[in-house]
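1. Quick check, what structure comes out for this input:
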Amino acid sequence: MSTQTPESFEWTDLDRRAVDTARLLAADAVQKVGNGHPGTAMSLAPAAYTIFQKVMKHDPADPEWTGRDRFVLSPGHTSLTLYTQLFLAGYELELDDLKAFRTQGSKTPGHPEYGHTAGVETTTGPLGQGAANAVGMAMAARYERGLFDPEAPEGTSPFDHTIWAIVSDGDLEEGVSAEASSLAGHQKLGNLVFLYDDNHISIEGDTETAFSEDVLGRYEAYGWHTQRIEPTAEGDVDVPALYAALTAAKAETGRPSIIAMRTIIAWPAPTAQNTEASHGSALGAEEIAATKRVLGFDPEQSFEVSDEVLRHARRALDRGAEAHAAWDKKIAEWRTAQPARAELFDRVSKGELPEGWQDALPVFEEGTSVATRAASGKVLQSLGAVLPELWGGSADLAGSNNTTIDKTSSFLPKGNPLPEANPYGRTVHFGIREFSMGAEMNGIALHGNTRVYGGTFLVFSDYMRNAVRMAALMQLPVTYVWTHDSIGLGEDGPTHQPVEHLASLRAIPGLNVVRPADANETAIAWAEILKRHASDPAPHGLALTRQGVPTYAPNEDAAKGGYVLADSSTEVPEVIIIATGSEVHLAVAARESLEAEGIGTRVVSMPSVEWFEQQDRAYRESVLPPAVKARVAVEAGIGLTWYRYVGDAGRIVSLEHFGASADAKTLFTEYGFTPENVAAVARESLAAARA
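-> Have a look, this model is predicted:
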């Protein structure tokens with residue numbers, strides 16, 4: 001937003017007064033509610049103000065503007081760092097919102113929440129993930145440019161923008177940030193800037209208790225551009241030096257940048273500064289009053305904001321409107337020059353799918369044996385031609401996950417020696433970094449204008465679980481391709497065989513787990529996920545087989561989460577067998593033997609419990625009639641999911657222990673996943689229902 005150079009940089013008394021206002025608003029807000037994190041918000045106020053008022057391209061009147069820079073506050077506990085700047089710059093926050101900090105229903109919750117407060121780009125709190133979100137946003141910005149304006153010279157495209165992130169020592173201690181930072185350096189993400197708040201304080205005291213590495217040395221080894229700025233003699237942020245560093249970081253487009261900024265937590269509170277107590281506790285009335293005296297404010301007033309300061313800070317609205325208007329002119333010129341790409345941009349930005357896209361979906365021949373991971377790979381390759389916004393990869397398991405959408409085009413920077421390297425490539429190599437892959441996918445989804453997927457083995461969803469939880473919390477349309485979904489993967493043994501994972505993932509509110517029975521259910525599942533992208537956004541996890549499974553005729557009711565795959569010969573079934581994934585064909589075979597005995601048996605394939613529960617009661621009861629008490633659920637994992645569906649007379653064929661290193665057929669037989677055992681358990685349930 002600023003055209004100032006470091007030499008012409010202006011920092012007026014009103015700027016200083018606005019920063020001091022932000023410091024004291026943070027202290028007052030925590031004091032009023034009685035809990036929170038005032039110290040970091042006080043010491044970071046000059047840096048956040050400089051970013052929002054002097055550096056970042058944004059429009060407070062339009063927080064969703066496509067052309068904006070992005071800002072990520074990775075240490076979400078210091079949410080007031082962000083809230084005070086949103087208030088001062090003229091977003092939707094007002095003074096009463098700051099007064100309502102951390103209270104029920106307020107726009108200022110304890111940690112920033114995406115979709116709840118205008119100007120909050122991502123939900124942060126679990127440390128490290130905000131840093132990884134920012135890396136994902138930078139990746140998405142590059143891919144977006146490749147979709148819509150790849151030939152434009154550097155810095156000239158309406159799709160060029162910068163991702164700014166404030167990170168803390170806690171963020172950099174968490175392993176996820178190391179994973180993400182390593183990838184960012186490898187990808188040469190020159191549109192990414194980290195400002196590292198090096199305040200030397202953690203909850204347990206000085207960071208020397210646990211953290212003494214050379215952070216900039218580490219980031220230099222990752223391939224980042226590094227800078228350091230020291231505080232003024234008084235202990236405050238050296239704002240001109242900070243502005244010069246931020247300007248230099250933005251100018252460095254060949255690699256990501258990190259600026260280590262030494263701060264004094266809670267500065268300038270007379271006795272609380274540089275103490276761990278100021279990190280997570282209210283300063284106290286006396287200390288706040290003393291701080292106000294130091295800064296020249298009335299110690300008797302709380303939440304003091306002068307009209308003059310607010311008018312000055314809200315000139316950000318004028319600068320935002322000016323930047324937005326300049327972008328509008330540039331995008332209009334681009335539209336004229338690139339009508340086909342403009343049409344693509346309009347469709348993608350609305351979350352719409354192209355007309356006839358479903359014609360590209362493969363239909364698999366009934367009776368063949370196809371692993372659902374292989375079917376998923378064929379679906380991705382088929383959709384790639386008609387959905388250029390769809391991209392992704394895996395955590396170094398592409399050959400196993402079947403996640404290569406285009407083997408001739410890898411998302412890799414200029415200078416990478418691989419022949420398929422392309423800065424705007426389709427296939428992402430996340431590396432063996434499952435956690436950061438999940439958090440980066442969140443950042444990609446938050447950035448907008450693309451559709452992302454990422455794969456690994458289902459058992460390794462444990463590594464990425466908190467990122468999955470954050471995706472569910474934010475309701476982000478990301479898709480996980482989790483393959484090798486049971487003991488059916490065989491000889492790799494119990495370290496790689498998921499047992500508890502399906503049930504534990506289904507326990508995450510807002511996550512839809514989809515375990516298709518066959519190749520055609522897999523294609524239908526992908527289609528349903530894509531349809532839900534804009535209308536009902538949510539993360540989806542596809543759990544897919546390593547081994548081949550029989551292919552049935554396609555049934556669009558699979559998109560309802562559960563449906564009748566094979567019905568009873570009797571008008572009302574005597575017993576219902578519910579199954580998912582590779583166990584569905586066992587249920588079908590068991591039904592054949594039961595029907596031969598004269599027992600009316602229905603098989604229900606339930607690829608997604610979550611989708612099924614979203615259907616109306618009439619549909620659910622048509623699939624699972626309440627009057628039918630004899631029920632069996634079959635899934636090669638713990639049975640926790642299925643108790644609500646089988647009832648008192650029902651039975652569950654499950655796996656309540658770890659697997660072993662043996663071939664899949666041996667393990668399924670040994671652990672009771674056979675048609676014979678499923679039929680025997682069905683008879684047992686039928687007897688219980690009749691008792």
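
2. Any figure for the gap between the most centrally placed residue in the chain and A277?
-> Centroid-nearest residue in the chain, with Cα atoms, centre = their mean: N442, separated by 2.1 Å. As judged by Cβ to Cβ, to the nearest Å, N442 and A277 stand 33 Å apart. (C-beta placed from N, C-alpha, C; glycine too.)

3. Would you mind listing the residues in contact with S257?
-> G190, L192, V193, F194, W224, H225, T226, Q227, A248, A249, K250 (Cβ atoms under 8 Å, 6 or more residues apart in numbering).

4. Name the nearest residue to the first one, sequence neighbours excluded.
-> With sequence-adjacent residues excluded and distances taken as Cβ to Cβ, 6 or more residues apart in numbering, G190 is closest to T253, at 3.7 Å.

5. Next, give phi and psi for the one you found.
-> Dihedral angles of T253 (phi, psi; degrees, to the nearest 10) stand at phi -100, psi 0.

6. if I read this right, it contacts E154, doesn't it?
-> Yes: taking contacts as Cβ atoms under 8 Å, T253 lies within contact range of E154: 6.1 Å.

7. These two: who's more crowded?
-> Between T253 and E154, T253 has the larger neighbour count (other Cβ atoms under 10 Å), namely 16 against 10.

8. show me what contacts that one?
-> For T253, the contact set (Cβ under 8 Å, 6+ apart) comprises E154, G155, G190, N191.

9. If we only consider those residues, which is nearest to A326?
-> Nearest to A326 among the contacts of T253, counting by Cβ to Cβ, is G155 at 13.6 Å.

10. Next one, pLDDT for that closest one please.
-> For G155, the pLDDT comes out at 93.

11. and what of M1?
-> pLDDT, M1: 53.

12. quick one: strands adjacent to the least confident helix or strand in the chain by mean pLDDT?
-> Every helix and strand in the chain was compared by mean pLDDT, DSSP states H and E; the lowest is strand 201-202, with a mean of 82. Counting by DSSP bridges, the strands paired with strand 201-202 are strand 205-206 (antiparallel).

13. Tell me the first helix or strand C-terminal of the strand it pairs with.
-> Reading on from strand 205-206 to the C-terminus, the next helix or strand found by DSSP states H and E is helix 215-222.

14. packing partners for that next one?
-> Counting by 3 or more Cβ pairs under 8 Å, 6 or more residues apart in numbering; DSSP states H and E, the packing neighbours recorded for helix 215-222 are helix 175-187, strand 225-229, strand 257-262.

15. Can you tell me what sits against the longest helix that the chain contains?
-> Counting residues, the longest helix found in the chain (DSSP state H) is helix 315-337. With Cβ under 8 Å, 6+ apart as the test, helix 315-337 has contacts from 1-2, 52-53, 57-62, 65, 67, 88-90, 148-149, 157-158, 341-342.

16. Mind listing what's buried along that helix?
-> The neighbour-count check on helix 315-337 (16 or more other Cβ atoms under 10 Å) flags A316, R319, G320, A323, H324, W327, K330, I331, W334 as buried.

17. now swap in stretch 609-623 and tell me
-> Neighbour counts over stretch 609-623 (16+ other Cβ under 10 Å) mark V609, E610, W611, F612, Q615, Y619, R620, V623 as buried.

18. Dump those to a markdown table, plus pLDDT, secondary structure and distance to I508.
-> Converted to a markdown table, the buried residues of stretch 609-623 look like this (pLDDT from 0 to 100; DSSP: H, G, I helix; E, B strand; the rest coil; distance: Cβ to Cβ, whole Å):
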| residue | pLDDT | secondary structure | distance to I508 |
| --- | --- | --- | --- |
| V609 | 98 | helix | 12 |
| E610 | 98 | helix | 10 |
| W611 | 98 | helix | 15 |
| F612 | 98 | helix | 17 |
| Q615 | 98 | coil | 20 |
| Y619 | 98 | helix | 24 |
| R620 | 98 | helix | 22 |
| V623 | 98 | helix | 24 |
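
19. okay but Q381 is in contact with T403, surely?
-> No: using Cβ under 8 Å, Q381 makes no contact with T403, being 10.2 Å away.

20. between the two, which one's more packed in?
-> Between Q381 and T403, counting by other Cβ under 10 Å, T403 is the more crowded of the two (25 against 16).

21. Relative to P413, how far out is the residue nearest to G190?
-> From T253 across to P413, the span is 11 Å (Cβ to Cβ).

22. hey, what's in contact with both of the two?
-> Here T253 and P413 have no joint contacts, going by Cβ under 8 Å, 6+ apart.

23. quick one: contacts of stretch 584-595?
-> Residues external to stretch 584-595 that are found in contact with it (Cβ under 8 Å, 6+ apart): 517-518, 549-550, 565-566, 568-569, 575, 577-579, 601-603, 605, 632, 634, 673-676, 678-679, 682-683.

24. Mark which of those are buried, thanks.
-> 517-518, 549-550, 565-566, 568, 575, 577-579, 601-603, 605, 632, 634, 673-675, 678-679, 682-683.

25. Against D198, how distant is the closest residue in space to I201 that isn't next to it in sequence?
-> Excluding the flanking residues, the one nearest I201 by Cβ to Cβ, 6+ apart is I265, at 4.7 Å. Remark: distance between I265 and D198 (Cβ to Cβ) = 11 Å.

26. Those two - which one has more neighbours?
-> Set I265 next to D198 and count neighbours by other Cβ under 10 Å: I265 wins out with 26 against 21.

27. Confirm that the more buried one sits in a helix.
-> No: membership of I265 in a helix is not supported by DSSP: H, G, I helix; E, B strand; the rest coil, which gives coil.

28. from what I can see it touches S278, true?
-> Yes: under the criterion of Cβ under 8 Å, I265 is in contact with S278, at a separation of 5.6 Å.

29. Okay, and which of the buried ones among the contacts of stretch 584-595 map to helices?
-> Members of the buried ones among the contacts of stretch 584-595 lying in helices (criterion: DSSP H): P675, V678, A679, A682, R683.

30. wait, what's in contact with the last one?
-> What that stands for is R683. Counted by Cβ under 8 Å, 6+ apart, R683 has contacts L594, I599.

31. for this protein, which spans come out with low pLDDT?
-> 1-4 (pLDDT under 70).

32. run the last query once more with 90
-> Applying pLDDT under 90 to the chain flags the ranges 1-8, 199-208, 274, 276-280, 534.

33. For PyMOL, write the select line for the buried members of the contacts of T253.
-> This is the PyMOL syntax for the buried subset of the contacts of T253, where burial follows 16+ other Cβ under 10 Å:
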select buried, resi 190+191
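
34. Are we agreed that the residue nearest to the centre of the chain is in a helix?
-> Yes: using three-state DSSP, the assignment for N442 is a helix.

35. my guess is it contacts V468, does it?
-> No: judged on Cβ under 8 Å, N442 makes no contact with V468 at a distance of 9.1 Å.

36. Surely S43 is in contact with P268?
-> No: with contact defined as Cβ under 8 Å, S43 does not reach P268; the gap is 9.1 Å.

37. If you count surrounding residues, which of the two has more?
-> Taking other Cβ under 10 Å, S43 and P268 do not tie; S43 has more neighbours (31 against 18).

38. any idea which helix or strand carries the more buried one?
-> helix 38-50.

39. so how far is that helix off the chain centroid?
-> On the basis of Cα atoms, centre = their mean, to the nearest Å, helix 38-50 sits 26 Å off its chain's mean C-alpha point.

40. Likewise for stretch 562-573?
-> Its chain's C-alpha centre and that of stretch 562-573 lie 39 Å apart, by Cα atoms, centre = their mean.

41. List of residues touching that stretch?
-> So stretch 562-573 is contacted by 517, 552, 555, 557, 574, 578, 584, 588, 591, 595, 600-609, 611-612, 615, 620, 623-625, 627-628 (Cβ under 8 Å, 6+ apart).

42. Take the residues you listed and keep only those in strands.
-> Counting by DSSP state E, the contacts of stretch 562-573 place I578, T601, R602, V603, V604, S605 in strands.
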